[in-house]
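# Quick one, what's the 3D model for this:
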Amino acid sequence: MSILRILTDRDPILRKKCAEVDDVSDPFIRGLVLNMRDTLEKHKGIGLAAPQVGVNKRVILVKLWREEYVLINPRLTSASREKEMGEEGCLSLPGVFLNLERSKKVRVKALDQNGKKIKMKAKGLLARVLQHEIDHLEGILINDRVKD
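All right, here's what the predicted structure looks like:
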(Lines give C-alpha, C1' and ligand atoms only; values in the text may rest on other atoms or scores of the structure.)
Protein backbone atom coordinates (compact mmCIF):
# COMPACT_ATOMS: atom_id res chain seq x y z
CA MET A 1 0.00 0.00 0.00
CA SER A 2 1.00 3.64 0.06
CA ILE A 3 1.97 6.32 2.48
CA LEU A 4 -0.28 9.28 1.79
CA ARG A 5 0.69 12.93 2.09
CA ILE A 6 -0.86 14.55 5.16
CA LEU A 7 -2.37 17.94 4.43
CA THR A 8 -1.58 20.82 6.75
CA ASP A 9 -3.93 23.42 8.15
CA ARG A 10 -3.61 25.78 5.19
CA ASP A 11 -5.22 23.29 2.82
CA PRO A 12 -8.87 24.23 2.18
CA ILE A 13 -10.06 20.60 2.09
CA LEU A 14 -9.52 20.44 5.86
CA ARG A 15 -12.23 23.09 6.26
CA LYS A 16 -14.92 21.27 4.29
CA LYS A 17 -17.64 19.00 5.64
CA CYS A 18 -17.09 15.49 4.40
CA ALA A 19 -19.54 13.51 2.33
CA GLU A 20 -21.04 10.22 3.47
CA VAL A 21 -19.62 7.02 2.06
CA ASP A 22 -22.35 5.39 -0.02
CA ASP A 23 -20.67 2.06 -0.68
CA VAL A 24 -18.24 0.67 1.89
CA SER A 25 -17.24 -2.09 -0.54
CA ASP A 26 -16.07 0.45 -3.14
CA PRO A 27 -12.45 -0.47 -4.00
CA PHE A 28 -11.46 3.17 -3.57
CA ILE A 29 -12.71 3.19 0.03
CA ARG A 30 -11.07 -0.17 0.79
CA GLY A 31 -7.78 1.11 -0.63
CA LEU A 32 -8.15 4.37 1.26
CA VAL A 33 -8.47 2.52 4.56
CA LEU A 34 -5.35 0.46 3.83
CA ASN A 35 -3.38 3.54 2.83
CA MET A 36 -4.61 5.46 5.88
CA ARG A 37 -3.46 2.56 8.08
CA ASP A 38 0.04 2.68 6.56
CA THR A 39 0.13 6.46 6.80
CA LEU A 40 -0.95 6.46 10.45
CA GLU A 41 1.70 3.91 11.34
CA LYS A 42 4.41 5.79 9.44
CA HIS A 43 3.63 8.98 11.32
CA LYS A 44 3.14 7.17 14.66
CA GLY A 45 -0.26 8.79 15.13
CA ILE A 46 -3.27 7.48 17.00
CA GLY A 47 -5.96 8.85 14.72
CA LEU A 48 -6.39 9.91 11.12
CA ALA A 49 -9.36 11.25 9.20
CA ALA A 50 -9.78 10.99 5.42
CA PRO A 51 -9.69 14.76 4.78
CA GLN A 52 -6.21 14.86 6.30
CA VAL A 53 -5.04 12.83 3.31
CA GLY A 54 -7.08 14.84 0.83
CA VAL A 55 -10.22 12.72 0.63
CA ASN A 56 -13.50 14.43 1.45
CA LYS A 57 -15.23 11.29 2.80
CA ARG A 58 -16.44 10.36 6.28
CA VAL A 59 -13.76 7.79 7.15
CA ILE A 60 -11.62 7.74 10.28
CA LEU A 61 -9.03 5.36 11.62
CA VAL A 62 -8.05 5.17 15.28
CA LYS A 63 -5.25 3.00 16.60
CA LEU A 64 -4.92 3.01 20.33
CA TRP A 65 -3.68 0.43 22.83
CA ARG A 66 -3.16 -2.16 20.07
CA GLU A 67 -6.82 -1.80 19.05
CA GLU A 68 -7.76 -0.44 15.67
CA TYR A 69 -11.08 1.15 14.82
CA VAL A 70 -12.06 1.84 11.23
CA LEU A 71 -15.18 3.95 11.32
CA ILE A 72 -17.11 4.89 8.22
CA ASN A 73 -19.78 7.58 8.41
CA PRO A 74 -19.22 7.97 12.18
CA ARG A 75 -21.66 10.13 14.13
CA LEU A 76 -21.45 11.22 17.74
CA THR A 77 -24.81 10.21 19.17
CA SER A 78 -24.13 11.52 22.66
CA ALA A 79 -21.43 13.25 24.62
CA SER A 80 -21.25 13.52 28.39
CA ARG A 81 -21.77 16.84 30.04
CA GLU A 82 -18.80 16.04 32.19
CA LYS A 83 -15.71 17.45 30.49
CA GLU A 84 -11.99 17.20 31.01
CA MET A 85 -8.96 19.10 29.79
CA GLY A 86 -6.27 17.31 27.85
CA GLU A 87 -3.43 18.03 25.49
CA GLU A 88 -3.97 17.26 21.82
CA GLY A 89 -1.76 17.32 18.80
CA CYS A 90 -2.69 16.82 15.19
CA LEU A 91 -0.82 15.39 12.23
CA SER A 92 -2.17 18.31 10.18
CA LEU A 93 -0.72 20.84 12.65
CA PRO A 94 2.84 19.59 13.12
CA GLY A 95 4.43 20.73 16.36
CA VAL A 96 1.23 22.25 17.73
CA PHE A 97 -0.11 20.93 21.04
CA LEU A 98 -3.12 22.53 22.66
CA ASN A 99 -5.05 21.95 25.87
CA LEU A 100 -8.66 21.38 24.96
CA GLU A 101 -11.81 20.60 26.85
CA ARG A 102 -13.66 17.53 25.59
CA SER A 103 -16.47 15.33 26.87
CA LYS A 104 -15.20 12.51 29.04
CA LYS A 105 -17.53 9.95 27.48
CA VAL A 106 -19.09 9.62 24.04
CA ARG A 107 -21.24 7.25 22.06
CA VAL A 108 -20.67 6.82 18.34
CA LYS A 109 -22.57 5.06 15.58
CA ALA A 110 -20.78 4.10 12.40
CA LEU A 111 -20.20 1.38 9.87
CA ASP A 112 -17.16 -0.84 10.13
CA GLN A 113 -15.00 -1.55 7.09
CA ASN A 114 -17.32 -4.44 6.16
CA GLY A 115 -20.40 -2.25 6.21
CA LYS A 116 -21.73 -3.62 9.51
CA LYS A 117 -23.48 -1.11 11.75
CA ILE A 118 -21.64 -0.61 15.02
CA LYS A 119 -22.23 1.35 18.20
CA MET A 120 -19.34 2.34 20.43
CA LYS A 121 -19.11 3.68 23.93
CA ALA A 122 -15.82 5.36 24.68
CA LYS A 123 -14.28 7.22 27.58
CA GLY A 124 -11.00 8.92 28.34
CA LEU A 125 -8.40 9.05 25.60
CA LEU A 126 -10.44 7.00 23.12
CA ALA A 127 -13.37 9.40 23.56
CA ARG A 128 -11.00 12.33 23.00
CA VAL A 129 -9.52 10.82 19.83
CA LEU A 130 -12.97 10.03 18.42
CA GLN A 131 -14.13 13.60 19.03
CA HIS A 132 -10.94 14.94 17.42
CA GLU A 133 -11.24 12.79 14.30
CA ILE A 134 -14.98 13.37 13.89
CA ASP A 135 -14.27 17.11 14.15
CA HIS A 136 -12.05 16.71 11.06
CA LEU A 137 -15.05 15.33 9.17
CA GLU A 138 -16.91 18.54 9.99
CA GLY A 139 -14.03 20.78 8.88
CA ILE A 140 -13.00 21.61 12.45
CA LEU A 141 -9.36 21.66 13.59
CA ILE A 142 -8.08 21.72 17.16
CA ASN A 143 -7.09 25.38 16.94
CA ASP A 144 -10.78 26.15 16.30
CA ARG A 145 -11.62 24.61 19.69
CA VAL A 146 -9.34 26.82 21.75
CA LYS A 147 -11.34 29.12 23.97
CA ASP A 148 -10.19 32.71 24.43
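# From Asn73, how far out is the residue most central in space within the chain?
For the chain, the residue sitting closest to the mean C-alpha position, by CA atoms, centre = their mean, is Glu133 at 2.3 Å. Separation of Glu133 from Asn73 (CB to CB, to the nearest Å): 13 Å. No exception for glycine: its C-beta is placed from N, CA and C like everyone else's.
# re earlier: not counting its neighbours along the chain, what's nearest the residue nearest to the centre of the chain?
In space, and not counting its chain neighbours, Glu133 is closest to Ile60: 4.1 Å by CB to CB, 6 or more residues apart in numbering.
# Report the contact partners of that neighbour.
Going by CB atoms under 8 Å, 6 or more residues apart in numbering, Ile60 touches 47-50, 69-71, 74, 130, 133-134, 136-137.
# neighbours of Glu41, just the number please.
The tally of other residues near Glu41 (other CB atoms under 10 Å) stands at 12.
# Which residues are in contact with it?
Counted by CB under 8 Å, 6+ apart, Glu41 has contacts Lys63.
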